[in-house]
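Participant: here is a sequence with its predicted model. Questions after.
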Amino acid sequence: MAQYSAVLDGVFIALADPTRRAVLRRLGRGPTSVGDLARDAPMTLPSFMKHVRVLESNGLIRTAKSGRVRICELNQERFALVEDWLTEQRRIWTDRTDRLERFVTNPKEEQ
């Protein structure tokens, strides 16, 4: 469970940055080179590469070198982890609000 939590923490840290979210949005349309991704970023290539490394180290993207070009693509499996966590949170909060609604509308039944 601790390992799952650490992985999830890393994913959310990676998603917290707008530059990294923009990279993920772009990669949602398909794989592309680091150079193409960096062209849209308002920073130097070395600074941009730090963002790529954060995304890659947290499993959100994969990179592969093809000749002199590094290609990036989304890692869909990692997004499934986030989706599972969000689904569980939604279930928990739906249950809580349902219980609260029952308590407010029928307070004697809950006691």
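Facilitator: Perfect, thanks for sending it. Numbers count the residues shown, from 1 in each chain.
Participant: this structure: strands as residue ranges?
Facilitator: Using DSSP state E, the strands assigned to the chain run over residues 32-33, 61-66, 69-74.
Participant: so where's this protein uncertain?
Facilitator: Within the chain, the stretches with pLDDT under 70 are 1-3, 107, 109-111.
Participant: what about the helices in it?
Facilitator: 2-15, 18-27, 34-39, 45-57, 76-105, 107-110 (DSSP state H).
Participant: looking at those helices, which is nearest to Arg68?
Facilitator: With C-beta to C-beta as the measure, helix 34-39 is the member of the helices of the chain nearest Arg68 (9.8 Å). Quick note: C-beta positions are derived from backbone N, CA and C, even for glycine.
Participant: which residues does the closest one contact?
Facilitator: Helix 34-39 is contacted by residues Val23, Arg26, Leu27, Leu45, Phe48, Met49, Val52, Thr63, Val69, Arg70, Ile71, Cys72 when judged by C-beta atoms under 8 Å, 6 or more residues apart in numbering.
Participant: residues in contact with the fourth one?
Facilitator: What it means is Leu45. By C-beta under 8 Å, 6+ apart, the residues touching Leu45 are Ala38.
Participant: ok, now the first one?
Facilitator: Listed by C-beta under 8 Å, 6+ apart, the contact partners of Val23 are Leu37, Ala41, His51, Val52, Leu55, Ile61, Cys72.
Participant: what of the second one?
Facilitator: Under the criterion of C-beta under 8 Å, 6+ apart, the contact list for Arg26 reads Thr32, Leu37, Asp40.
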